[in-house]
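K.L.:
Sequence and predicted structure are below.
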Amino acid sequence: MDPVTATDPLLAAMKIAGGGLDVQSTRLRIVSENIANAQSTGDTPGADPYRRKTITFGSAVDRATGADVVKVKKLGYDKSNFTEAYDPSNPAANSKGYVKMPNVNVLIEMADMREANRSYEANLQSVRQSRDLISSTLDLLKSSQ
């Protein structure tokens with residue numbers, strides 16, 4: 001491990017923000033899948049519809065910088081119950097005409113998308129700020145020679 005890289009707070013800040021960008025982009029992908037499948041029912045009577053996906057974050061130590069970074073810990077499924085809707089013309093309808101609907105609440109997904117988007121933007125701004133500070137430092141070192 002390079003001792004300069006291990007102790008440089010600007011490089012560590014970029015690594016931390018990069019981890020944030022990575023997990024928030026994964027989170028946005030999961031939310032998008034959930035919204036896209038909010039009305040996806042099963043193919044046969046009584047079949048389960050799309051089940052909402054979830055994401056869990058965890059922390060890990062980056063070996064190059066020694067910084068704690070956020071990582072995707074686990075992708076999973078929401079175990080909450082499906083709702084039922086009366087739609088006897090649907091191929092997935094049971095004998096009483098009810099269809100199991102996905103356990104996706106679009107309003108919750110939209111709020112989660114907004115939060116992920118804001119977190120992504122904040123991490124992106126951190127990367128930009130760190131990059132600008134590194135560039136300013138290099139310019140200062142060049143001008144002092």
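P.N.:
Received, thanks.
K.L.:
how close does the closest residue to Val104 other than its chain neighbours sit to Ala12?
P.N.:
If the residues on either side of it in the chain are set aside, Val104 comes closest to Ala38, at 4.3 Å by CB to CB, 6 or more residues apart in numbering. No exception for glycine: its C-beta is placed from N, CA and C like everyone else's. From Ala38 across to Ala12, the span is 40 Å (CB to CB, to the nearest Å).
K.L.:
These two: which has the busier surroundings?
P.N.:
More crowded of Ala38 and Ala12, by other CB atoms under 10 Å: Ala12, with 20 against 17.
K.L.:
Could you verify my assumption that that one touches Gly66?
P.N.:
Yes. Contact criterion CB atoms under 8 Å: Ala12 and Gly66 qualify, at 7.2 Å.
K.L.:
helix or strand right after the lowest-mean-pLDDT helix or strand in the chain?
P.N.:
When each helix and strand of the chain is scored by mean pLDDT, DSSP states H and E, helix 3-7 comes last, with a mean of 48. Using DSSP states H and E, the helix or strand that follows helix 3-7 in sequence is helix 9-36.
K.L.:
quick one: contacts of the helix or strand following that next one?
P.N.:
Later in the chain than helix 9-36, the nearest helix or strand by DSSP H and E is strand 53-61. For strand 53-61, contacts defined as CB atoms under 8 Å, 6 or more residues apart in numbering pick out 23, 26-27, 30, 33-34, 67-78.
K.L.:
Pull the distance from the longest helix along the chain to the chain's centre.
P.N.:
Assignment by DSSP state H gives helix 106-143 as the longest helix of the chain. In this view, helix 106-143 has its centroid 16 Å away from the chain centroid, taken as CA atoms, centre = their mean, to the nearest Å.
K.L.:
Buried residues, that helix. List them.
P.N.:
Applying a neighbour-count criterion of 16 or more other CB atoms under 10 Å, the buried positions in helix 106-143 are 109, 112-113, 116, 119-120, 123, 126-127, 130.
K.L.:
And the contacts of strand 53-61, which of them are buried?
P.N.:
The neighbour-count test (16+ other CB under 10 Å) marks 23, 26-27, 30, 34, 67, 69-70 as buried among the contacts of strand 53-61.
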